[in-house]
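**Student:** I would like to see how this sequence folds:
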Amino acid sequence: MPATSSSPPPSLSRLYARPGFLLRRAHQISAAVFEDECRQVGLTPAQFGVLTVLSAQPGLGQSSLARALGFDKVTVLRVLRGLESRGLVTRKPAPDNKRNICAALTADGAALLAQAQRPAEKAYRRLMAPLAEEQQQQLLSLLQQLTGELEEDARAAFVPIEGK
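**Tutor:** Here you go, the predicted model:
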């Protein structure tokens with residue numbers, strides 16, 4: 001017979017109210033909504049992010065691309081390989097350092113990204129629809145504050161690219 005403890009058993013309601021649980025669940029829902037709206041163009045949120053960054057920064061190195069999205073190197077490589085196999089991006093050694101691989105959109109990649117804008121925006125509106133306009137702004141502000149303040153604890157660095 002196990003020893004009895006003076007502490008109560010874990011509460012499911014406490015688990016379900018934890019920020020980490022809710023953020024993970026919100027991410028699952030966000031990805032599902034995006035994939036549903038972007039089914040016709042066949043893009044995941046990660047693929048859309050990679051195409052968007054490469055559109056703004058053609059020829060970006062894989063490491064810089066990973067940091068621009070807060071991805072680890074393995075994830076960005078996996079996404080790039082999938083996009084490359086579909087003819088949406090090219091990868092080649094950097095002119096100044098052959099060990100550094102740079103990626104760029106192909107014409108098909110740019111066309112697909114343009115085609116994805118409307119469904120991606122629809123996904124964003126659908127995700128935010130349960131919130132009033134003021135709540136939407138508050139949610140975004142709080143998430144930016146949370147991620148900004150805890151950036152040093154992230155498993156993968158996020159270094160936003162300035163510009164476009």
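**Student:** so what's R155 closest to, chain neighbours aside?
**Tutor:** D72 (6.7 Å; Cβ to Cβ, 6 or more residues apart in numbering). Glycine gets a C-beta too; all of them are placed from N, C-alpha and C.
**Student:** ok, that neighbour touching A157?
**Tutor:** No. With contact defined as Cβ atoms under 8 Å, D72 and A157 do not form a contacting pair (9.2 Å).
**Student:** how about the helices of this structure, start to end?
**Tutor:** Assignment of helices within the chain using DSSP state H yields the ranges 12-16, 19-37, 45-56, 62-69, 73-85, 107-128, 133-149.
**Student:** buried set for the second one?
**Tutor:** By that I understand helix 19-37. Residues S30, V33, F34, E37 are the ones in helix 19-37 that count as buried (16 or more other Cβ atoms under 10 Å).
**Student:** residue contacts, the spatially most central residue of the chain?
**Tutor:** By Cα atoms, centre = their mean, the chain has its centre lying nearest to A46, at 5.0 Å. The contact partners of A46, by Cβ atoms under 8 Å, 6 or more residues apart in numbering, come to L69, F71, T75, V79.
**Student:** Pull up the per-residue confidence for L12.
**Tutor:** For L12, the model assigns a pLDDT of 89.
**Student:** picking that back up, quick one: buried ones out of the contacts of A46?
**Tutor:** Restricting the contacts of A46 to buried positions leaves L69, F71, V79, with burial counted as 16+ other Cβ under 10 Å.
**Student:** Can you tell me which of those is nearest R125?
**Tutor:** Of all those, L69 has the smallest distance to R125: 22.1 Å, by Cβ to Cβ.
**Student:** in terms of contact, does the closest one touch V76 like I think?
**Tutor:** Yes. L69 lies in contact with V76 (Cβ under 8 Å); the separation is 7.0 Å.
**Student:** what about L83, neighbour count?
**Tutor:** Residue neighbour count, defined by other Cβ atoms under 10 Å, stands at 24 for L83.
**Student:** returning to that earlier point: N100 is nearest to which of the helices of the chain?
**Tutor:** Comparison of these against N100 by Cβ to Cβ identifies helix 62-69 as nearest, at 7.4 Å.
**Student:** Check which residues of that closest one are buried.
**Tutor:** Across helix 62-69, burial judged by 16+ other Cβ under 10 Å covers Q62, S64, L65, A66, R67, A68, L69.
**Student:** list residues touching both of L69 and V76?
**Tutor:** Overlap between the neighbourhoods of L69 and V76 consists of V50, taking contacts as Cβ under 8 Å, 6+ apart.
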